[in-house]
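**Student:** Everything below, folded, please.
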Amino acid sequence: MSRRVLVFALKVVVSVGLLWFVLARLTWTEVSEALAAPRWEWLGAALVIYAISAAAGAVQWTWILHKAGLATPSREIRRLYFVGLFFNNFLPANIGGDAYKIVDLGRREGCPGRVFCATLLDRWLGLCALTVLASLTAVGCVVAGIGLPPVVWSLAGVLVLLAAVLAALISRRFTARVPRALRRLRLVTFAQQVETAAREFAVYRRSLPWLVRVFAFSVAVQAVRLAVHLAVAFGLRLDPTPQQALQLAVLVPLLALSLTLPVTVNGIGLRETISNALLVRAGLPANGVVAMEMTAFLVQIAVSLLGGVAWWRRRGPDPTIGEAPAAG
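**Tutor:** Numbering: from 1, shown residues only. Next up, the predicted model:
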């Protein structure tokens, strides 16, 4: 058995085990009750909101790639973004879509390393933006006297870690010292890879005001994605109060950050387990929050089908590749 097959089998076992754990405490009948009488207009709104956030995410990736000097037209980058979103949801690994984008676009442009670094930056900015948004909301909750579970303060540690990694990626001193240290350890190939990545990230280091603007845009994108969960909550008649909405704006990002752990198949099982343990702290019923996150995931899958259609309709290379991007 290959290592990849073994890892996938272990993720399936973890997903099944976590689902069993949740359903041992909360029956499927209880979850289905929360789905029994939805408000379709709110669920439709959730679809539209998520589609808007996905389109904005595609724009962000386009900006980063064009800043790196890629000549692929914006419309093709946006198409690849949605195709990647489709593969993220339908391949048994949440990095499958990123791998597809990097390989496909890297092959066309002849610079897979540059595409990898741009995609890594895009991902890292999203995680930083989500953590900053949740942290600011948590501070607002404290000022307003709204209760939060102690685990929320782990956001501070996550924020420091993410900021440190981002600073390291664009730091001239760090990227100069690491290869020297790796060579002393006789890790020559790894040192060369770090030097290559440092050259790719240098363009962002020279454009810090631009990077700040992209980060602010990323915060707005993450705020829109949080709105999807609130729309679903109203769609399932959970009707959170303003206080509960603020609590969810802190707790849902914690859930999203936990789903970056590659221990299950596309977060299945982990999503339901953490929802059941964490989101109830907002005073919502356990069956409701589990149903809410399951439905939000289905909304994401539904929108990602647009990427599946785009991939199916045009699986060959785009004849316009090589055109210069529009100015600005």
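**Student:** Surely Ala191 is in contact with Pro179?
**Tutor:** Yes. Shown here, Ala191 and Pro179 form a contact pair, counting by CB atoms under 8 Å, at 4.1 Å. Just so you know, the C-beta spots here come from the backbone N, C-alpha and C atoms, and that holds for glycine as well.
**Student:** Of all the residues in the helix ranked longest in the chain, which ones are buried?
**Tutor:** As assigned by DSSP state H, the longest helix anywhere in the chain is helix 112-144. For helix 112-144, burial by neighbour count (16 or more other CB atoms under 10 Å) applies to 114-122, 124-135, 137-138, 141.
**Student:** Could I get the contacting residues of Ala55?
**Tutor:** Arg78 (CB atoms under 8 Å, 6 or more residues apart in numbering).
**Student:** now do Trp124
**Tutor:** So Trp124 contacts Leu162, Val165, Leu166, Leu169 (CB under 8 Å, 6+ apart).
**Student:** Run the chain-centre distance for the strand or helix carrying the first one.
**Tutor:** Counting by DSSP states H and E, the element that carries Leu162 is helix 154-169. Helix 154-169 sits 16 Å away from the centroid of its parent chain (CA atoms, centre = their mean, to the nearest Å).
**Student:** Same check on stretch 25-37?
**Tutor:** 27 Å.
**Student:** hmm, back to that, quick check: mean pLDDT of the longest helix of the chain?
**Tutor:** What helix 112-144 shows for mean pLDDT is 93.
**Student:** same question, stretch 293-306
**Tutor:** On average, stretch 293-306 scores 93.
**Student:** Mind picking the one among the contacts of Trp124 that's closest to Pro73?
**Tutor:** Leu169 (26.9 Å; CB to CB).
**Student:** Surely the closest one touches Ala202?
**Tutor:** No. Between Leu169 and Ala202 there is no contact under CB under 8 Å: 10.3 Å.
**Student:** which one of the two has more residues nearby?
**Tutor:** Leu169 (19 against 13; other CB atoms under 10 Å).
**Student:** List the residues that contact the residue lying closest to that one once chain neighbours are set aside.
**Tutor:** Take Leu169 and drop its neighbours on the chain: the residue closest to it by CB to CB, 6 or more residues apart in numbering is Phe201, 5.2 Å away. Applying CB under 8 Å, 6+ apart to Phe201 gives the contacts Cys117, Leu121, Leu169, Ile170, Thr175.
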